[in-house]
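1. please work out how this folds:
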Amino acid sequence: MPKLFVWLDQHLLTIAAGFLLVFIPLYPKWPLFDILPGYNVRVRLEDILILLVNGYFVFQLLRRRLKLSRAPLLKPILIYLAIGFLSTLSAIFITKTIYPEWIQIAKVYLHWFRRIEYFSLFFIFFFALKKSQQILTYIYLLMLTIFSVSVYGFGQKYLYWPAYSTMNREFSKGIALYLTEHARVLSTFGGHFDLAGYIMITLIPLIIIAFIYEKKLVRYLAALIAILEYWLLILTASRASWIAFIAGITIAFGLLIIKKKFIWIFSRWLFVISFSFFIMLSFGDLSERFSQLFKLEGLKTILLKPFRAPPENGLALNPNLTPQQQLDLVATRTDIPPSTQKNRAKPADVYDDTYEKLQAYLATVSGEVFNVNYSANALKYGLSAGIRMDTLWPNAIHALQRNPLLGTGYSTLVKAKVWEFTIAESTDNDFLRLLGETGLLGFASFMLILYTIIKILWQAFKTTANTLHYALFGSGIAVTIGLLINAVYIDVFEASKIAYTYWSLIGLLLALAAFTQKHDQKSS
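-> Below is the predicted model of the structure:
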């Protein structure tokens with residue numbers, strides 16, 4: 001029995017990290033309880049599990065089994081968290097953008113602690129990797145997880161499996177929803193943007209492994225799972241994540257030019273890009289969403305007409321789940337029912353009459369006439385882009401102007417009045433959110449973390465001769481830059497499942513880089 005305890009003491013963190021790597025993406029966002037009354041953010045099972053693993057991690061630190069100073073991101077993360085804390089104090093006492101009541105103050109510190117929770121996974125996974133050979137085990141676990149996420153996503157799309165969304169207060173209670181024909185797939189995630197961001201992070205290393213790794217069985221398996229996952233990306237219809245993927249995979253192949261012959265790299269990159277564009281243009285709704293943004297309907301129709309399959313009827317919507325209709329508020333232009341096409345002008349990505357019903361309801365309640373009109377940006381670029389350009393992005397810029405150094409504090413950017421309690425936070429541009437909430441100092445300190453990651457991975461990439469290792473280091477750089485591209489349109493670093501996955505993988509990669517550096521020093 002003592003031997004078992006000794007073994008567990010040596011390997012429990014490694015096992016716990018592997019479990020979290022699989023569990024967090026696969027477990028739906030079922031809430032356990034409200035952390036703040038009336039707020040969208042709820043405590044879920046993964047929060048409890050992460051807290052428990054962190055408890056064990058701190059216990060090991062106190063026993064001096066782990067040395068926290070070994071973690072290369074310790075200082076930049078502490079700097080960012082310190083500036084974030086100063087921003088909260090500034091918001092409460094200087095700019096007074098946090099209303100002085102307990103629930104408002106609790107909310108701003110909830111967001112600060114959530115960032116600590118995200119970063120904690122970096123430290124857990126960094127110290128979980130005890131030797132470089134263990135990286136293969138984590139890769140196999142990741143491949144299993146990706147495959148499972150893809151299967152469940154296909155089940156939602158084609159087999160009427162339930163979805164659990166966190167896109168509004170009602171959905172986030174854990175209500176089972178069923179996707180209509182053109183609704184975007186969520187899989188086990190709380191929203192299609194979250195799923196698309198996760199796919200971008202995990203798809204790039206999968207593709208590189210499929211071309212680079214020596215073992216054929218692993219390569220073929222990685223290629224098969226990559227194809228399934230890419231199709232899932234198409235089903236999310238996320239333009240930002242698709243662009244981030246294309247940029248990221250191009251960067252990953254570009255880095256490999258240092259290690260492989262140019263023709264070998266270029267031919268495989270060209271194959272992946274050609275395949276990606278062909279699938280995107282030929283199937284699914286993603287091409288329709290790009291056409292709304294770039295106004296390419298005519299050209300796309302001419303080019304793709306031979307490849308279009310005849311439309312199929314989707315499964316009927318469960319009439320008892322009326323909130324589900326909201327999932328399709330933003331959809332493709334082809335979803336607009338003929339009966340509504342003659343109505344007043346609407347954005348290309350809106351096909352139902354939600355706004356008209358709201359207008360009629362307000363008129364009935366108050367007896368006044370309300371004109372609910374779409375903005376010029378919404379009509380030109382779609383409702384999704386219009387909301388960002390008209391409201392979310394200007395709010396963040398105004399917050400930065402109010403306090404350039406520290407911003408106006410976490411969770412303050414969507415409030416119309418200082419005393420207003422908003423039930424959710426979103427800027428849909430992580431750069432502007434960083435600037436608006438924590439100012440130039442918060443922005444610079446967070447970028448320092450990412451710069452440090454890229455610098456360490458780049459040094460490890462250049463020096464190692466191990467094929468799998470430099471494939472992973474190059475993928476890590478590509479994923480980080482891809483996330484920054486994705487962050488132009490989505491709050492990716494605040495989306496929990498994306499943040500959990502990213503910091504977990506970075507923990508593993510920087511640990512692997514540390515082992516690589518040690519090996520190189522011994523060799524020399």
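
2. how about the helices in the stretch 351-500 of the chain?
-> In the stretch 351-500 of the chain, the helices defined using DSSP state H, counting those that start in this stretch lie at 354-366, 376-381, 383-387, 393-402, 430-463, 467-486, 496-523.

3. could I get the average pLDDT for the fifth one?
-> What that stands for is helix 430-463. Helix 430-463 carries an average pLDDT of 97.

4. now do it against helix 393-402, angle only.
-> Going by axes from the mean of the first three to the mean of the last three Cα atoms, to 10 degrees, helix 430-463 is angled at 90 degrees with respect to helix 393-402.

5. roughly how far is helix 430-463 from the heart of the chain?
-> Mean-position distance between helix 430-463 and its chain equals 17 Å (Cα atoms, centre = their mean, to the nearest Å).

6. for that helix, packing partners?
-> Judged by 3 or more Cβ pairs under 8 Å, 6 or more residues apart in numbering; DSSP states H and E, helix 430-463 is in contact with helix 74-93, helix 393-402, helix 467-486, helix 496-523. Quick note: C-beta positions are derived from backbone N, CA and C, even for glycine.

7. the helices of the stretch 351-500 of the chain: which one's closest to Y27?
-> Judged by Cβ to Cβ, the one of those that comes nearest to Y27 is helix 496-523, at 9.5 Å.

8. now for the residue nearest to I477 when sequence neighbours are not counted: which residues touch it?
-> Once flanking residues are discounted, I477 sits nearest to L457: 5.0 Å by Cβ to Cβ, 6 or more residues apart in numbering. Neighbour list for L457: 473-474, 476-477, 480, 509-510, 513 [criterion: Cβ atoms under 8 Å, 6 or more residues apart in numbering].

9. if we use 7 Å, what do you get?
-> 473, 476-477, 509, 513 (Cβ atoms under 7 Å, 6 or more residues apart in numbering).

10. F473 now?
-> 457, 460-461, 509, 513.

11. which one of those residues sits closest to L141?
-> L509 (14.9 Å).

12. okay but that closest one is in contact with G474, surely?
-> No: between L509 and G474 there is no contact under Cβ atoms under 7 Å: 10.3 Å.

13. follow-up on the earlier one: single out the most deeply packed of the helices and strands packed on helix 430-463.
-> Mean neighbour count (mean count of other Cβ atoms under 10 Å) peaks for helix 467-486 among the helices and strands packed on helix 430-463, with a mean of 24.

14. that helix: how far from the chain's middle?
-> Chain-centre distance of helix 467-486: 15 Å, with Cα atoms, centre = their mean.

15. so which of the helices of the stretch 351-500 of the chain gets nearest I98?
-> helix 430-463 (11.3 Å).

16. could you dump the helices of the stretch 351-500 of the chain to a markdown table with distance to V22?
-> Output for those, formatted as a markdown table (distance: least, Cβ to Cβ, whole Å):
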| stretch | distance to V22 |
| --- | --- |
| helix 354-366 | 38 |
| helix 376-381 | 39 |
| helix 383-387 | 32 |
| helix 393-402 | 35 |
| helix 430-463 | 23 |
| helix 467-486 | 18 |
| helix 496-523 | 11 |
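
17. so for L81, which of the ones you listed sits nearest?
-> Closest among the helices of the stretch 351-500 of the chain, using Cβ to Cβ: helix 430-463, at 8.7 Å.

18. report the buried residues of that closest one.
-> Buried residues in helix 430-463, defined by neighbour count with 16 or more other Cβ atoms under 10 Å: 430-446, 448-450, 452-453, 456-458, 460-461.

19. again with stretch 129-138
-> Across stretch 129-138, burial judged by 16+ other Cβ under 10 Å covers 129, 132, 134-135, 138.

20. and the two most separated of these?
-> Within those, S132 and Y138 form the most distant pair, 11.2 Å apart (Cβ to Cβ).

21. that older thread, can you tell me which of the contacts of L457 lies nearest to L68?
-> A513 (17.5 Å).

22. name all residues that make contact with that closest one.
-> 456-457, 460, 473.

23. what's the answer for S426, then?
-> When contacts are counted by Cβ under 7 Å, 6+ apart, S426 touches 392, 414, 491.

24. dump these to a markdown table, plus distance to F125.
-> Output for the contacts of S426, formatted as a markdown table (distance: Cβ to Cβ, whole Å):
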| residue | distance to F125 |
| --- | --- |
| L392 | 32 |
| V414 | 32 |
| D491 | 23 |
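
25. of those - the most surrounded one?
-> Highest neighbour count within the contacts of S426: D491, with 22 neighbours (other Cβ atoms under 10 Å).

26. isn't that residue up against T427?
-> Yes: counting by Cβ under 7 Å, T427 is a contact partner of D491 at 6.0 Å.

27. mutual contacts of the two, please.
-> Common neighbours of D491 and T427, using Cβ under 7 Å, 6+ apart, are R433.

28. quick revisit: of the helices and strands packed on helix 430-463, which is nearest P25?
-> Per Cβ to Cβ, nearest to P25 of the helices and strands packed on helix 430-463: helix 496-523, 6.1 Å.

29. coming back round to it: just the closest of the contacts of A513 to T467, please.
-> If you rank the contacts of A513 by distance to T467 using Cβ to Cβ, F473 comes first, at 11.1 Å.

30. state the distance from that closest one to I201.
-> F473 is 15 Å from I201, where distance means Cβ to Cβ, to the nearest Å.

31. how close does I397 get to F189?
-> I397 is 29 Å from F189, by Cβ to Cβ.

32. swap that for L195, please
-> L195 is 4 Å from F189, where distance means Cβ to Cβ.

33. and for T463?
-> According to Cβ to Cβ, T463 and F189 sit 36 Å apart.

34. what about the chain, any weak spots by pLDDT?
-> Within the chain, the set of residues satisfying pLDDT under 70 comprises 1, 284, 287, 289-373, 381-382, 519-524.

35. do a quick rundown of the strands in it.
-> For the chain, the strands defined by DSSP state E occupy 31-34, 42-44.

36. single out the most deeply packed of those strands.
-> For those, the largest average neighbour count (mean count of other Cβ under 10 Å) is found in strand 42-44, namely a mean of 18.

37. neighbours around the closest residue to S238 other than its chain neighbours, how many?
-> Closest residue in space to S238, ignoring its immediate chain neighbours: A196 at 3.5 Å, by Cβ to Cβ, 6+ apart. Per other Cβ under 10 Å, the neighbour tally for A196 reads 31.

38. next up, the contacts around A196.
-> Residues near A196 by Cβ under 7 Å, 6+ apart: 233, 236, 238, 241.

39. same deal with F122?
-> Residues near F122 by Cβ under 7 Å, 6+ apart: 73, 503, 506-507.

40. recalculate using a threshold of 8 Å.
-> 71, 73, 77, 503-504, 506-507, 510.

41. and F189, how many residues sit next to it?
-> F189 has 29 neighbours, counted by other Cβ under 10 Å.

42. no, scratch that, I was asking about V149
-> By other Cβ under 10 Å, the residues close to V149 number 23.
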